[in-house]
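Chemist: got a predicted structure plus its sequence, pasted below:
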Amino acid sequence: MKRNIDVCLSPELINLYDLEGKIVVVVDILRATSVMVTALAHEAKEIIPVATLEEARSYLDQGFLCAAERGGAPVEGFELDNSPFNYMTEQIKGESIVITTTNGTLAITKSTAADQVLIGAFLNINALAKYISHQDKDVIIHCAGWKGKTNMEDTLFAGALVELLTDSHELACDTAHVALKYYQSVKGNLFETVKNSAHAKRLGKLNIIKDIEFCVRQSDYDIVPILVGKTLVAAQPQ
């Protein structure tokens, strides 16, 4: 019997979904979840996502390696920001990294009623689909969006993951259909499409087009971050 897969386009809508007993995949392509996947792939010990700057600063005071971003820009006083390229260094190996971002970490904190919270990005999409296909659970893809609104890149990821899971999961509602058809219509030109998104244009002012190009690469990493308590670690292979 097929399980269900659904898509929530914004954290402002997640209260409409019953998360109990389900897998929630949180996605914030530009750039929080892409960073989290990259950090764990480059041997960070764990990631502690927190919703507010105040929480992050409390960890900073305890000597943790901390990252913060608001509106796409780095936050003064934090060693790391929201660029995946800064998580490919020896500095992060074996470290516990505290991360707070505008949208992605908020979406994680709003997903904790689920049975499992996984982190999705184009960078790990095949590994994620493989992991989910071995679980006997319904799935909700929780798009972080932008300050409560829907965004292009997270919706496209949702469509891509729905496409990979159509053999094992039924589409639960029209939102999943919309995301799937949208992705299928542009998947041959994904970078150019995402480059024209509203958030990519915001980030373009920060001269990080290489970040955007990297974040739409598919399946560079064979790793699935999973939330255990309040910490993200690499899930065991299925």
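Modeler: Looks like it arrived, so ask away.

Chemist: how many neighbours does residue 181 have?
Modeler: Using other C-beta atoms under 10 Å, residue 181 has 12 other residues around it. From N, CA and C alone the C-beta is placed, and that goes for glycine too.

Chemist: er, residue 52 I mean
Modeler: 13.

Chemist: quickly note the distance from residue 123 to residue 117.
Modeler: 18 Å (C-beta to C-beta, to the nearest Å).

Chemist: then residue 14?
Modeler: Counting by C-beta to C-beta, the gap from residue 14 to residue 117 is 12 Å.

Chemist: over to residue 190?
Modeler: 25 Å.

Chemist: tell me which of residue 14 and residue 117 has more neighbours.
Modeler: residue 117 (25 against 20).

Chemist: C-terminal to the helix or strand of the chain with the lowest mean pLDDT, what's the next element?
Modeler: Lowest by mean pLDDT, DSSP states H and E among the helices and strands of the chain is helix 198-204, with a mean of 77. For helix 198-204, the succeeding helix or strand toward the C-terminus, using DSSP states H and E, is helix 209-215.

Chemist: ok, and what's touching that next one?
Modeler: The contact list for helix 209-215 (C-beta atoms under 8 Å, 6 or more residues apart in numbering) reads 29-31, 34, 83-85, 121-123, 153, 191, 194-195, 200, 203-204.

Chemist: what distance do you get for the residue of the chain positioned farthest from its centre to residue 136?
Modeler: Distance from the C-alpha centroid of the chain peaks at residue 1, with 28.1 Å (C-alpha atoms, centre = their mean). Residue 1 sits 9 Å away from residue 136, going by C-beta to C-beta.

Chemist: thinking again about what came up before, buried among the contacts of helix 209-215? Need that as a selection in PyMOL.
Modeler: Those of these that count as buried under 16 or more other C-beta atoms under 10 Å are selected in PyMOL with:
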select buried, resi 29+30+31+34+83+84+121+122+123+153+194+195+200+203
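
Chemist: now, the contacts of helix 209-215 that are in helices?
Modeler: 34, 153, 191, 194, 195, 200, 203, 204 (DSSP state H).

Chemist: now those residues in TSV, with distance to residue 216?
Modeler: Formatted as TSV, the ones in helices among the contacts of helix 209-215 follow (distance: C-beta to C-beta, whole Å):
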residue	distance to residue 216
34	9
153	8
191	5
194	5
195	9
200	10
203	13
204	14
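
Chemist: between those, which sits nearest residue 225?
Modeler: residue 34 (11.1 Å; C-beta to C-beta).

Chemist: OK, contacts around the closest one?
Modeler: Residues in contact with residue 34 (C-beta under 8 Å, 6+ apart) are 28, 84, 121, 122, 123, 214, 215.

Chemist: which single one of those residues is nearest to residue 225?
Modeler: For the contacts of residue 34, the nearest to residue 225 is residue 121 (9.2 Å; C-beta to C-beta).

Chemist: got the phi/psi numbers for the closest one?
Modeler: Backbone torsions of residue 121, given as degrees, to the nearest 10, read phi -160, psi 160.

Chemist: hmm, residue 27 and it touching each other?
Modeler: Yes. Because the distance of 6.7 Å satisfies C-beta atoms under 8 Å, residue 121 is recorded as touching residue 27.
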